[in-house]
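A.B. asks: Provided below are the primary sequence and the corresponding predicted coordinates.
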Amino acid sequence: MNRQEFVREVSKRKGLSKMKAYRSVNAVMDTIRMALLNGDDVEIGGFGTFAVVTDLKGERIPVFKAGRALKNIINISESEEK
């Protein structure tokens, strides 16, 4: 799913215009981006944590660690498909 498809899905699920959904999605992404830039982790309960780690070369790399609830949902969905 790309950004355009994601915005369309948010629009549909929340009954928002595509423009409002686009602005909302961008606001969330910009907020996460700025927090990471400032050295803050972003923890979203039930979803996961966005953070920045430094590799051996000294490069800063954004990472995402899924939370337990998200992992459980993904694993339940996979086991139901089989």
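C.D. replies: Perfect, thanks for sending it.
A.B. asks: Break this protein into its domains for me.
C.D. replies: 1-40, 41-82 (automatic domain parsing).
A.B. asks: Go through those domains and find the least confident stretch.
C.D. replies: Note on the domains of the chain: domain 41-82 shows the lowest mean pLDDT, a mean of 90.
A.B. asks: Now for this protein: which helix has the highest residue count?
C.D. replies: As assigned by DSSP state H, the longest helix anywhere in the chain is helix 18-37.
A.B. asks: Tell me the helices and strands packed up against that helix.
C.D. replies: helix 3-14, strand 42-44, strand 48-54 (3 or more Cβ pairs under 8 Å, 6 or more residues apart in numbering; DSSP states H and E). The C-beta positions use only the backbone N, C-alpha and C, and glycine is treated the same way.
A.B. asks: burial measure for residue 48, as a count.
C.D. replies: Residue 48 sits with 17 neighbouring residues when counted by other Cβ atoms under 10 Å.
A.B. asks: so it touches residue 65, yeah?
C.D. replies: Yes - using Cβ atoms under 8 Å, residue 48 makes contact with residue 65 at a distance of 5.6 Å.
A.B. asks: Where does residue 46 fall, secondary structure wise?
C.D. replies: Assignment of secondary structure by DSSP states H and E places residue 46 within no helix or strand.
A.B. asks: My guess is it contacts residue 71. True?
C.D. replies: No - at 10.7 Å, residue 46 and residue 71 do not qualify as touching, with contact defined as Cβ under 8 Å.
A.B. asks: one step back: can you tell me which of the domains of the chain is most buried?
C.D. replies: Mean neighbours per residue, mean count of other Cβ atoms under 10 Å, is largest over the domains of the chain for domain 1-40, with a mean of 13.
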